[in-house]
Each structure stands twice: as structure tokens, then as C-alpha cells.
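# Here is my input, please return the structure:
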Amino acid sequence: MRAKGSKTVAAMWFLALLSVVGMTGCCGHRWWWALLDTTAPTVTSTNPANVATGVAINRKITTTFSEALDPATITAASFTVTGPGATSVAGTVTYAAVGTTATFAPASQLALNTAFTATLTTEITDLAGNALASNFVWSFTTGATADTTAPTVTSTNPANVATGVAINNKIAATFSEALDPATITAASFTVTGPGATSVAGTVTY
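As a prediction, the model looks like this:
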């Protein structure tokens with residue numbers, strides 16, 4: 001009798017679990033994701049790099065993460081830049097809709113030949129709610145000039161006028177320098193076929 005009772009209880013819990021997933025609809029997928037994903041996101045790169053010098057005074061500060069983040073956690077409070085005396089730099093923080101890059105755009109040009117510190121706090125989480133394990137801090141020093149050199153395309157894949165390209169091939173372009181992720185969109189990177197018909201697809205950077 002005990003065994004039968006145990007099976008009954010187990011069955012009831014299983015049905016209850018199915019009900020929860022059913023009621024959450026599309027969000028049920030996120031519920032399962034949160035249940036399975038326990039890995040904290042990490043910072044894979046920053047631009048400028050840590051201890052970089054001669055940084056252009058009109059540049060934006062970007063950071064790339066190991067996975068997609070919860071956009072609501074990328075804010076002016078969780079991504080900050082400070083100058084001498086821990087003085088806050090005014091700016092706007094954005095997160096690429098597609099991709100894993102966050103950007104801090106200073107409201108005005110940075111001071112010349114000055115050391116700055118950027119900080120990402122543990123308020124930042126991934127889509128499953130896992131936060132950065134600890135605050136991520138890096139520094140850089142500006143130079144005396146602004147960046148006025150336009151980026152260029154250094155290579156494409158497929159190459160120009162290539163033939164016999166695989167029908168499942170992705171189209172990629174490589175640039176001469178780091179770009180503003182917010183400007184890499186389905187409007188700025190397009191592919192068209194016969195009759196200038198647009199090819200549907202996703203653009204990432």
C-alpha cells in the first residue's frame with residue numbers, strides 16, 4: 001500500500017508541474033531555462049581594453065559578455081564610468097537587441113590625457129537571473145585627439161563576385177576597427193536577390 005501511495009503522490013506532483021508550465025505558456029520555456037541554467041555570465045572583452053592608453057576622447061565604451069543578458073539589468077547604475085576623484089561621467093547605456101554587447105556612450109567628449117575607470121556591477125544578470133559573480137572593473141587612459149577615421153570593410157565572406165556559394169552559407173563582413181553595435185542592424189546590413197527582393201535574415205555583430 002505504501003508503494004502505491006508513493007506513486008500516487010509522485011503522479012500528482014508531476015501533473016502539478018505540467019499545469020504550471022501549461023499556465024505560463026511561452027514563459028514556461030523561460031521557467032525551464034531558469035531551472036537548468038545556473039552559470040553566471042562573464043565579461044569576455046572590453047573596448048577599450050584594460051589599461052589601454054591613447055584612447056580617442058570621442059569614443060564609446062563597450063563590453064561583450066559570454067551570453068545574452070536581461071536587458072532590464074543593463075542600466076546607468078550597473079554600467080558606470082568615472083574619472084579622477086571617482087567623478088561620474090554622464091552618458092547613456094544601451095544593450096544590443098541582438099547580441100551580447102553593452103555600450104556606454106559619454107554625453108560629451110572625455111577629458112584629454114585622463115585616466116578613467118569603468119565598472120559593471122552584480123546587478124547585471126543573464127536571462128535566467130544569474131548575476132555576474134563579482135563587479136568587473138577595468139581602466140583606460142585617453143589621449144589628446146578624437147577619432148575621425150572612418151571604418152572600412154577589410155574582407156567579406158563570400159568574397160565579391162564569388163560563385164558556387166553554398167546555399168546555407170552565412171554572409172559576413174570584417175571591418176578595420178571595432179564598430180558601434182547599435183549601428184549593425186537589419187537596415188544597415190542587407191542582402192537582396194533578383195529584382196532587389198530583400199532576403200529575410202538576422203544580423204548579429
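
# make it CA atoms for all contacts and neighbour counts henceforth
Will do.

# how about low-confidence regions in this protein?
Where the chain drops to pLDDT under 70, the residues are 1-35, 97-98.

# Please enumerate the strands of it.
Secondary structure of the chain (DSSP state E): strands at 43-47, 52-55, 61-65, 79-82, 91-95, 101-106, 115-120, 136-142, 153-157, 172-175.

# Could you dump those strands into CSV with mean neighbour count and distance to Ala200 added?
Listed next are the strands of the chain as CSV, based on neighbours: other C-alpha atoms under 10 Å; distance: least, C-alpha to C-alpha, whole Å:
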stretch, mean neighbour count, distance to Ala200
strand 43-47, 15, 30
strand 52-55, 17, 38
strand 61-65, 20, 26
strand 79-82, 22, 34
strand 91-95, 18, 23
strand 101-106, 22, 23
strand 115-120, 20, 35
strand 136-142, 18, 37
strand 153-157, 12, 18
strand 172-175, 13, 15
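
# okay, these in a markdown table with distance to Thr185 next?
Converted to a markdown table, the strands of the chain look like this (distance: least, C-alpha to C-alpha, whole Å):
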| stretch | distance to Thr185 |
| --- | --- |
| strand 43-47 | 20 |
| strand 52-55 | 26 |
| strand 61-65 | 17 |
| strand 79-82 | 23 |
| strand 91-95 | 13 |
| strand 101-106 | 13 |
| strand 115-120 | 25 |
| strand 136-142 | 28 |
| strand 153-157 | 16 |
| strand 172-175 | 13 |
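
# what's the closest of those to Ala166?
The closest of the strands of the chain to Ala166 is strand 153-157. By C-alpha to C-alpha, the value is 11.3 Å.

# Mind listing residues that contact that closest one?
For strand 153-157, contacts defined as C-alpha atoms under 8 Å, 6 or more residues apart in numbering pick out Lys170, Ile171, Ala172, Ala173, Thr174, Phe175, Ser176.

# of those, closest to Thr148?
Nearest to Thr148 among those, counting by C-alpha to C-alpha, is Ser176 at 13.7 Å.

# burial measure for that closest one, as a count.
Neighbourhood size, Ser176 [other C-alpha atoms under 10 Å]: 11.

# That one against Ala150, yeah?
No - with contact defined as C-alpha atoms under 8 Å, Ser176 does not count as touching Ala150 (9.1 Å).

# Serialize the contacts of strand 153-157 to CSV and add fields for distance to Ala68.
Compiled in CSV, the contacts of strand 153-157 are given as follows (distance: C-alpha to C-alpha, whole Å):
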residue, distance to Ala68
Lys170, 21
Ile171, 22
Ala172, 21
Ala173, 22
Thr174, 22
Phe175, 23
Ser176, 25
